[in-house]
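Engineer: one predicted model, sequence on top.
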Amino acid sequence: MSALSTDDILLGLGLVVVLAIGSQLLARRLAIPAIVVLLPVGFIAGIATEDVQPDKLLAALYQPFVSLAVGVILFEAGLRLSFREVAVGVHKVLLRLLAAGVLVTWIGVAATVALLFDDMDRGVAWLIGAILVVSGPTVVLPLLAFIRPTRNVRSLLKWEGTLVDPIGALLGVVVFHAVRSEWQPGDFLLAIGAGAFVGVAGAVVLQLLLRDLHLNAPRQAVPATLMVVVGSLVVADLLRDDAGFVATVIMGVALANQRRIDVSLTLEFQETLVQLLVGVLFVLIAASVSPGDVEAVLPEAIVLVVLMVVVLRPLAVALATARSAFTLRERAFVAWMAPRGIVAGATASAFGLQLAEKGVAGADAVLPVVFVVIFGTVLLYGLTAPLAARLLGVAGAGSGLVLVVGGHQWAREIAHALKQAGVDVRMWVGAPADREAARAAGIDADRGRMMVDSVGREAELEDITDVLLLTRSDDFNAVAAAELRGELGHGHVFRVAPDPEEPDLLPPATEGGILGGQALTFAELSGRFAHGARLVARPEHEQLDATDVPLFAVSSDGRLSVAADGRSPAALPGGTVIALLSG
């Protein structure tokens, strides 16, 4: 194999980054999981050019890079696992699902692969079964954010998707060493123990570092976090193979569940580093699979995917949720959510290559089989899970959830009008009397969570699609809008117009997202409602009077369009327009 020149390597690295990020941007525009785009793009790039193939581009650096990248991804996933999010009754189901899922999947996949591939070493079949035990938090979490299932379902799938990855990786290590005749009993427990010890130690070190950095140098929190995570992974892996995955998950979970420091700055991993790593890894792994490799295993791999989806996953979920509080519809949705992701691809790439080099029969089929399973399960679940959730009635995907901030009377009237038009609404309300009034109107209302710990705030906001800031404080509205627009996007956060003379803070010179227009300040709206103004919902095709002010348009499936910056809401055919009528 001829070595690549410097220009070839530069071109290859540039292509990988462009394809990784470009695929994720395209997937967001298409409202589909990023992996559905990343895998075929990487596969095609590997066919079209040799510059993207990892064995040539990175050579010996490829597997260490994969290990470091997966460790960082798992740490970030662990940061989102707060025990406070696990509802009562979910803990036992989670433990049973982990146990049943691992055993049923491992044994079922291994037996199926052994039957489908006659010339494959039985140890390799057990290895493929162990690799496919893992789920895919890089796929599951974005899907959950889009589907917004019920709390119990979301909690169960989030924890399962993250915790089963290091378990599956360690199981794969055990089987891998057994196939190479190097495994000794007890290595599995030693690897878990080493990873747990290093993970706890790393969490303590990182917490001490972050406590000082939050006070004096908050911009250095992310680099310091990356330093400790990478250092802990390397130390754990040097002690025991792949114990680093356990260490990074435990570090993330430990930080997510402590109360002494806010980990909001470390969550920048999701918006920056983790998204880049996920994209790069999927492109590289897909590029390492040749069309001939896939063609050789495709019929058998498709049979394996069907068995995993139709038999193994439902069986594991049935065993785990028996006699639990989960409804039949919730169980059905959990049974229809088990995509495989980056950890499966990374471990298959590492173990398959090493066994193939030792001449183990069938080892060259490990990565192609796992690749087809990853792509097949992600494509199937990614495209059908939102529909399944809606049919089963466990999600609010497609309709959106609008957060109304402010508890005074006309804010409640706006929230009630939106709810009557078919929009899911939640309110952040301060005064107890106002909260009770909102709840009496059938609206979910509680105190705001802008200032709580970052994990709790993120869990709250992952349900929200749009925000209306309607409080009497222009300064609060301005600050909250700036914060929430960073979370939800500038096209999804709206506030009442500020009074030019009242705020202590100068508003942004080019700020958009002003509800209705600059004339509708809090005082103006309060005055109009005090003089008898009211909100009226009318069919989209019905003509409004010249004095009516259209504020919202709601589609038949609950999607919302907001009048902002002097522009009317976008017309939604077949929907409803909510307008402000003068008294």
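Structural biologist: Structure's in. What do you need?
Engineer: which parts of this protein are strands?
Structural biologist: Secondary structure of the chain (DSSP state E): strands at 401-405, 424-428, 444-446, 466-469, 493-495, 534-539, 549-554, 560-562, 576-581.
Engineer: now do the second one, average pLDDT.
Structural biologist: In other words, strand 424-428. Averaged over strand 424-428, pLDDT sits at 90.
Engineer: again with the third one
Structural biologist: Per-region confidence: strand 444-446 scores 88 on mean pLDDT.
Engineer: coming back round to it: want to throw the strands of the chain into a markdown table with distance to residue 119 and mean neighbour count?
Structural biologist: Bear in mind the C-beta positions are built from the backbone N, C-alpha and C, glycine included. Formatted as a markdown table, the strands of the chain follow (distance: least, Cβ to Cβ, whole Å; neighbours: other Cβ atoms under 10 Å):
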| stretch | distance to residue 119 | mean neighbour count |
| --- | --- | --- |
| strand 401-405 | 53 | 24 |
| strand 424-428 | 55 | 23 |
| strand 444-446 | 59 | 16 |
| strand 466-469 | 57 | 25 |
| strand 493-495 | 59 | 26 |
| strand 534-539 | 67 | 14 |
| strand 549-554 | 60 | 22 |
| strand 560-562 | 58 | 22 |
| strand 576-581 | 64 | 22 |
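Engineer: distance to residue 148 added to those strands, as CSV?
Structural biologist: Shown next, in CSV, are these (distance: least, Cβ to Cβ, whole Å):
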stretch, distance to residue 148
strand 401-405, 7
strand 424-428, 9
strand 444-446, 13
strand 466-469, 13
strand 493-495, 18
strand 534-539, 24
strand 549-554, 18
strand 560-562, 15
strand 576-581, 22
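Engineer: residue 324 is nearest to which of those strands?
Structural biologist: Evaluated with Cβ to Cβ, the strands of the chain place strand 444-446 nearest to residue 324, the distance being 25.1 Å.
Engineer: hmm, back to that, nearest to residue 8, of the strands of the chain?
Structural biologist: Taking the strands of the chain one by one with Cβ to Cβ, strand 493-495 is closest: 45.3 Å.
Engineer: burial count for residue 73?
Structural biologist: By the measure other Cβ atoms under 10 Å, the count of residues near residue 73 is 28.
Engineer: look up how far residue 165 lies from it.
Structural biologist: Per Cβ to Cβ, to the nearest Å, residue 73 is found 9 Å from residue 165.
Engineer: wait, residue 121 sits on residue 362?
Structural biologist: Yes - at 5.3 Å, residue 121 and residue 362 qualify as touching, with contact defined as Cβ atoms under 8 Å.
Engineer: more neighbours: which of those two?
Structural biologist: More crowded of residue 121 and residue 362, by other Cβ under 10 Å: residue 362, with 24 against 17.
Engineer: tell me the phi and psi of that one?
Structural biologist: Per-residue torsions, residue 362: phi 80, psi 0 (degrees, to the nearest 10).
Engineer: thought residue 124 was touching it, still the case?
Structural biologist: Yes - using Cβ under 8 Å, residue 362 is in contact with residue 124, at 4.6 Å.
Engineer: mutual contacts of those two, please.
Structural biologist: Overlap of the contact sets of residue 362 and residue 124 (by Cβ atoms under 8 Å, 6 or more residues apart in numbering) is empty.
Engineer: tell me the gap between stretch 206-225 and the middle of its chain.
Structural biologist: 25 Å (Cα atoms, centre = their mean, to the nearest Å).
Engineer: how about stretch 3-17: buried residues?
Structural biologist: Of the residues in stretch 3-17, 4, 8-9, 11-12, 15-16 count as buried by neighbour count, 16 or more other Cβ atoms under 10 Å.
Engineer: tell me the mean pLDDT over it?
Structural biologist: Mean predicted confidence for stretch 3-17 is 88.
Engineer: same check, this time on stretch 172-189
Structural biologist: In the prediction, stretch 172-189 has an average pLDDT of 70.
Engineer: what about that stretch, how long is it end to end?
Structural biologist: Using Cα to Cα, to the nearest Å, the end-to-end distance of stretch 172-189 comes to 13 Å.
Engineer: over to stretch 485-504?
Structural biologist: One end of stretch 485-504 to the other measures 21 Å (Cα to Cα).
Engineer: what sits up against that stretch?
Structural biologist: For stretch 485-504, using Cβ under 8 Å, 6+ apart, the contacting residues are 461, 464-470, 474-475, 477-478, 480-481, 484, 507, 512-525, 562, 564.
Engineer: only the buried subset of those, as a ChimeraX command please.
Structural biologist: The ChimeraX command for the buried members of the contacts of stretch 485-504 (criterion: 16+ other Cβ under 10 Å) is given here:
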select :461,464,465,466,467,468,469,470,474,477,478,480,481,484,507,513,514,515,516,520,521,522,525,562,564
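Engineer: in helices, which of the contacts of stretch 485-504 fall?
Structural biologist: If you go by DSSP state H, the contacts of stretch 485-504 have 461, 474-475, 477-478, 480-481, 484, 522-525 in helices.
Engineer: I'd like to know which of those residues is nearest to residue 289.
Structural biologist: Closest to residue 289, out of all of the ones in helices among the contacts of stretch 485-504 and judged by Cβ to Cβ, is residue 461, at 37.4 Å.
Engineer: contacts only, for the closest one.
Structural biologist: 484, 487-488.
Engineer: return the item of those residues having minimum pLDDT.
Structural biologist: Minimum pLDDT across the contacts of residue 461 falls on residue 487, with 77.
Engineer: what about that one, distance to residue 24?
Structural biologist: Distance from residue 487 to residue 24, by Cβ to Cβ: 18 Å.
Engineer: neighbour count for those two, which is higher?
Structural biologist: The neighbour count for residue 487 versus residue 24, taken as other Cβ under 10 Å, is higher for residue 24 (21 against 15).
Engineer: so what's the residue count around the nearest residue to the more buried one once chain neighbours are set aside?
Structural biologist: By the measure of Cβ to Cβ, 6 or more residues apart in numbering, the closest residue to residue 24 outside its immediate chain neighbours is residue 34, 4.5 Å from it. Using other Cβ under 10 Å, residue 34 is surrounded by 25 other residues.
Engineer: care to break this protein down by domain?
Structural biologist: Listed by automatic domain parsing, the domain ranges of the chain are 61-392, 401-581.
Engineer: need the winner for burial among those.
Structural biologist: domain 61-392 (a mean of 20; mean count of other Cβ atoms under 10 Å).
Engineer: so what's the gap between that one and the chain middle?
Structural biologist: 13 Å.
Engineer: and stretch 516-523, by the same measure?
Structural biologist: For stretch 516-523, the distance to the chain centre is 36 Å (Cα atoms, centre = their mean).
Engineer: that stretch: end-to-end distance?
Structural biologist: Per Cα to Cα, stretch 516-523 runs 14 Å from first to last residue.
Engineer: list the contacts of it.
Structural biologist: 470-472, 474, 496-499, 514, 549, 551, 563-566, 580.
Engineer: if we use 6 Å, what do you get?
Structural biologist: 472, 496-497, 499, 563, 566 (Cβ atoms under 6 Å, 6 or more residues apart in numbering).
Engineer: let me know the closest of the residues you listed to residue 379.
Structural biologist: Closest to residue 379, out of all of those and judged by Cβ to Cβ, is residue 563, at 38.8 Å.
Engineer: helices of the stretch 201-350 of the chain, start to end?
Structural biologist: 221-239, 243-256, 268-271, 273-287, 291-307, 313-321, 328-335, 342-357 (DSSP state H, counting those that start in this stretch).
Engineer: quick one, the fourth one and helix 221-239 angle?
Structural biologist: In other words, helix 273-287. Computed by axes from the mean of the first three to the mean of the last three Cα atoms, to 10 degrees, the angle separating helix 273-287 from helix 221-239 equals 50 degrees.
Engineer: for helix 273-287, packing partners?
Structural biologist: On a contact count with 3 or more Cβ pairs under 6 Å, 6 or more residues apart in numbering; DSSP states H and E, helix 273-287 meets helix 6-30, helix 34-48, helix 62-78, helix 342-357.
Engineer: touching it from outside, list them.
Structural biologist: By Cβ under 6 Å, 6+ apart, the surrounding residues in contact with helix 273-287 are 16, 19-21, 24, 35, 38-39, 42-43, 45-46, 52-54, 69, 73, 76, 138, 342, 345, 349.
Engineer: nothing else from me, thank you.
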